[in-house]
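Visitor: Generate a structure from the sequence data that follows.
(2 chains)
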Number of protein chains: 2
Amino acid sequence: MSVIRHRNRYPYPSQRITCCSIHSDAKLKDPFSLVQNDLQSLYEDIKKELFVSKAELKSLCDYYFDGKGKAFRPMIVVLMARACNVHSNKEGVLLPAQRSIAMISEMIHTASLVHDDVIDDSDRRRGKHTINQVWGERKAILAGDFILSVASMALARIGNNAVVSVLSQVIEDLVRGEFMQLGSKENENERFKHYLEKTFKKTASLIANSCKAVSILVNSDPEVHEIAYQYGRNVGIAFQLVDDVLDFTSCAKHLGKPSAADLKLGLATGPVLFACQQFPELHSMIMRRFSTDGDVDRAWHYVLKSDGVEQTNYLAQRYCQEAIRQISRLRPSTERDALIRLTEMVLSRDK
Amino acid sequence: MSVIRHRNRYPYPSQRITCCSIHSDAKLKDPFSLVQNDLQSLYEDIKKELFVSKAELKSLCDYYFDGKGKAFRPMIVVLMARACNVHSNKEGVLLPAQRSIAMISEMIHTASLVHDDVIDDSDRRRGKHTINQVWGERKAILAGDFILSVASMALARIGNNAVVSVLSQVIEDLVRGEFMQLGSKENENERFKHYLEKTFKKTASLIANSCKAVSILVNSDPEVHEIAYQYGRNVGIAFQLVDDVLDFTSCAKHLGKPSAADLKLGLATGPVLFACQQFPELHSMIMRRFSTDGDVDRAWHYVLKSDGVEQTNYLAQRYCQEAIRQISRLRPSTERDALIRLTEMVLSRDK
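Guide: From the prediction side, this is the model:
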């Protein structure tokens, strides 16, 4: 998919998606309520996994598993598991190991957030103070280590080598993606490719590989594994693109973190990269990572003046279309259709 | 074992150990040369596990696996594996999974060092600059994450749930031990107990549980698992006690890190805790974590004036005696005897 050539303007992408597989039946349950039972005690179960007697470490570990998160990753994983199970004539079943993958994906995600916040010196996350802000950097490093280790061990207990291998790729990708983000100074031609690669590694790899893992666990056809992976990959990239847009358009209160946080960190995301095609003045600011006084404000205004936000939304929409194309190849099921509708939620979310 | 009541003075503990099981035969190979073949390509194999195409991440990951480390943990693990294998009528055999445990123990150890150095803001380790010093704190956090994850995945591939569970305890212990070290301000009575518990968690748990893991892998008697564990636990604590002594007695160049580093970090280790029994003036300095100007120098002089170093060495010697008592319960073997002699090396090392 060639992603940068298209500069067609669409008002707001989420209303534009049409696909033969989407049922607009209002009676259809939304994806969240479909998996409500499966995920009911997910955070409680994660807290049990992380059980430690030491009170302070326990508070740190439980901090983000407070049940107030969106549980976006576990939801996709459980829907994908049930959709693949239908495909393998196991309708209505969710294997315990598949539910474990839902938990593990949320734990890996959370551990990486905890360390990312240390690395970025962030003070807000999900509307509350970050762990590094409350307990200090050193304890935050330890809490992240601990959550990641417990997740790896839970993964190991599943006892499926292919699944372990698939999810080990995620942890490598998360680290490599974060590495790409630190101090990258590639030229204009490489910039977009680099941005999408980083986006895959930092966000989409976890979703793609978790989807693949639940497909492997039901012993489905390798073609189904690939569909699951490609759906997760495309939705994951779209999710991050929308996140990058919200960093410009959502107010701080909504997002749970300060607006233009990426610019402040020196990062040029989709909206800036598109804006730079219209306003080449941005180029030198991108190269110096918005480090000169006033750069962040100036860049922010250029982005809002440009069609960078719309272009990024359009790009996210195209990734969602590809996700829909992939998942539509599975046998029909309530969960497959929920995964299709979920792409709309990805595109229309405002926090 | 009641550890603080004994105040007998011994000149230097390593010459004092006597045990019916120690063969003083000069022809006996030293423990290192016994496992030379087993460990020959250990660091190369670790580097292969950590293979990543990204050049910079690769340099960070390879940095401490340069083959110049003492490989103390892999050596104990391999000797213990061979000693347990003899016990299970598998003389002369080292199972591939047991060798993997040797690699994994070194990787977990190294990952924890990388993060400890970030947490302590250390600039020297093993005679070279720390990763955080060379590449910065943020990349050091990532490199530690990466090494730990790869180790967890290698562990998972062994596919033995009991082994996974035993080594998952290590990672929890490492984090909890580091937590105990941060900001502890217990009273005088609890202080020694707290110090030994921290020492177990931060150093001995990895050795004890790795020894137990290789014993489990050969399907030996649960009594043998317990012997392996107790040997590792006691040698591990002794190793750390000697390390704490060397922080006072070895010059910076020898140890690869600055002397009195622990005092500078606010930590009261064995020598200080013993010295405080003779010089109660140390109490208030311990309570304020040596934070007042001149505290570090003053405490250092008190320790050297006291018998704190000798008492700590004596305590290490008692742990080694217990290690010998445990391992002597195994059937005779070259490796068992090497493990006995290894306790002497632990006590007599000067770096």
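
Visitor: Going by C-alpha atoms from here, please, whenever you check contacts or count neighbours.
Guide: Fine.

Visitor: Relative to chain B, how far out is the residue nearest the centre of chain A?
Guide: Residue closest to the average C-alpha location in chain A (Cα atoms, centre = their mean): A:T203, at 4.2 Å. Shown here: A:T203 relative to chain B, a distance of 16 Å by Cα to the nearest Cα, to the nearest Å.

Visitor: ok, that residue touching A:V242?
Guide: No - using Cα atoms under 8 Å, A:T203 and A:V242 do not qualify as a contacting pair, with a distance of 11.8 Å.

Visitor: if we can go back for a sec, ok now do the residue nearest to the centre of chain A, which residues does it touch?
Guide: Residues near A:T203 by Cα atoms under 8 Å, 6 or more residues apart in numbering or on different chains: A:174, A:236-237, A:240.

Visitor: Just the buried ones from the residues you listed, in PyMOL syntax?
Guide: Of the contacts of A:T203, the buried ones can be selected in PyMOL as follows, counting by 16 or more other Cα atoms under 10 Å in any protein chain shown:
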select buried, chain A and resi 174+236+237+240
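
Visitor: same for chain B: which of the contacts of A:T203 are within range?
Guide: By Cα under 8 Å from any Cα of the partner chain, no member of the contacts of A:T203 lies near chain B.

Visitor: Find the nearest non-adjacent residue to A:S152, please.
Guide: Leaving aside its chain neighbours, A:S152 sits nearest to B:S152 (6.1 Å; criterion: Cα to Cα, 6 or more residues apart in numbering or on different chains).

Visitor: Now for that neighbour, how many residues are close by?
Guide: 28 (other Cα atoms under 10 Å in any protein chain shown).

Visitor: That one and B:T203, how far apart?
Guide: Going from B:S152 to B:T203 by Cα to Cα, to the nearest Å gives 18 Å.

Visitor: now A:F239
Guide: Counting by Cα to Cα - A:F239 and B:T203 are separated by 42 Å.

Visitor: Repeat that for A:F290.
Guide: Taken as Cα to Cα, the span from A:F290 to B:T203 is 44 Å.

Visitor: In space, what's closest to whichever residue of the stretch 101-250 of chain A sits closest to chain B - neighbours in sequence excluded?
Guide: At 4.6 Å from chain B, A:A156 is the closest residue in the stretch 101-250 of chain A, using Cα to the nearest Cα. Nearest residue to A:A156, sequence neighbours excluded (Cα to Cα, 6+ apart): B:A156, at 4.6 Å.

Visitor: State the next helix or strand along the chain beyond the helix or strand the one you found falls within.
Guide: Taking DSSP states H and E as the criterion, B:A156 maps to helix B:137-158. With elements assigned by DSSP H and E, the helix or strand that comes after helix B:137-158 is helix B:161-181.

Visitor: Show me what counts as buried in that next one.
Guide: Result for helix B:161-181 [16+ other Cα under 10 Å]: buried residues B:161, B:163-181.

Visitor: same thing with stretch A:276-294?
Guide: When burial is assessed from 16+ other Cα under 10 Å, stretch A:276-294 yields the following buried residues: A:276, A:278-279, A:282-283, A:285-287, A:289-290.

Visitor: Check stretch A:36-43 too.
Guide: Going by 16+ other Cα under 10 Å, stretch A:36-43 has these buried residues: A:38-39, A:42-43.

Visitor: Sort out for me which of these are in strands.
Guide: Using DSSP state E, no member of the buried residues of stretch A:36-43 sits in strands.

Visitor: Pick the one among those residues closest to chain B.
Guide: Closest to chain B, out of all of the buried residues of stretch A:36-43 and judged by Cα to the nearest Cα, is A:Y43, at 19.7 Å.

Visitor: quick one: that closest one from B:G136, how far?
Guide: Between A:Y43 and B:G136 the distance is 34 Å, computed by Cα to Cα.

Visitor: repeat for A:D30
Guide: A:D30 is 45 Å from B:G136, where distance means Cα to Cα.

Visitor: Comparing the two, which residue is more hemmed in?
Guide: Under the neighbour definition other Cα under 10 Å, A:D30 and B:G136 were set side by side, and A:D30 has more, 16 against 12.

Visitor: any idea whether the nearest residue to the more buried one once chain neighbours are set aside is helix, strand or coil?
Guide: Spatial nearest neighbour of A:D30, excluding adjacent residues (Cα to Cα, 6+ apart): A:A338 at 6.7 Å. Here A:A338 is helix, with the state taken from DSSP: H, G, I helix; E, B strand; the rest coil.

Visitor: Quickly note the distance from A:A338 to A:R289.
Guide: To A:R289, A:A338 is 40 Å away according to Cα to Cα.

Visitor: Would you tell me which helix is longest in chain A?
Guide: The longest helix of chain A (DSSP state H) is helix A:222-249.

Visitor: Which neighbouring elements make contact with that helix?
Guide: helix A:188-199, helix A:205-217, helix A:261-264, helix A:270-278, helix A:308-327, helix A:334-348 (3 or more Cα pairs under 8 Å, 6 or more residues apart in numbering or on different chains; DSSP states H and E).

Visitor: ok, the first one near chain B or not?
Guide: No - judged by Cα under 8 Å from any Cα, helix A:188-199 stays clear of chain B, getting no closer than 12.9 Å.

Visitor: Can you tell me what sits against that helix?
Guide: A:177-178, A:180-181, A:186, A:237, A:240-241, A:269-270, A:273, A:283.

Visitor: okay, now the closest residue to chain B within the stretch 251-351 of chain A: neighbour count?
Guide: Ranked by Cα to the nearest Cα, the top residue of the stretch 251-351 of chain A for proximity to chain B is A:L265, at 13.2 Å. The burial count assigned to A:L265 is 17, neighbours taken as other Cα under 10 Å.

Visitor: Leaving out the residues flanking it, which one is nearest to it?
Guide: Leaving out its chain neighbours, the residue that sits closest to A:L265 by Cα to Cα, 6+ apart is A:D120, at 7.1 Å.

Visitor: A:I108 too?
Guide: The nearest residue in space to A:I108 (Cα to Cα, 6+ apart) is A:L148, at 5.7 Å.

Visitor: List, one by one, the residues from the stretch 1-150 of chain A near chain B.
Guide: Residues of the stretch 1-150 of chain A lying close to chain B (Cα under 8 Å from any Cα) are A:54, A:57, A:115, A:118-119, A:137-139, A:141-143, A:145-146, A:148-150.

Visitor: Out of those, name the two that are farthest from one another.
Guide: A:K54 and A:I119 (25.5 Å; Cα to Cα).

Visitor: coming back round to it: if we check chain A, which of the buried residues of helix B:161-181 are in contact?
Guide: Contacts with chain A within those, counted by Cα under 8 Å from any Cα: B:161, B:164-165, B:168, B:171-172, B:175-176, B:178-179.

Visitor: could you dump the residues you listed to CSV with pLDDT?
Guide: What follows is those, written out as CSV (pLDDT from 0 to 100):
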residue, pLDDT
B:N161, 79
B:V164, 84
B:S165, 82
B:S168, 81
B:I171, 86
B:E172, 82
B:V175, 86
B:R176, 84
B:E178, 87
B:F179, 83
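
Visitor: ok, now which ones touch A:T343?
Guide: If you count contacts by Cα under 8 Å, 6+ apart, A:T343 has them with A:235, A:320, A:323-324.

Visitor: helices and strands of chain A: which one has the lowest mean pLDDT?
Guide: Lowest on mean pLDDT, DSSP states H and E among the helices and strands of chain A sits helix A:252-255, with a mean of 56.

Visitor: how about low-confidence regions in the stretch 151-300 of chain A?
Guide: When residues are selected by pLDDT under 70, those of the stretch 151-300 of chain A lie in A:183-186, A:251-258.

Visitor: sorry, that was for the stretch 1-150 of chain A
Guide: Applying pLDDT under 70 to the stretch 1-150 of chain A picks out residues A:1-29, A:52-54.
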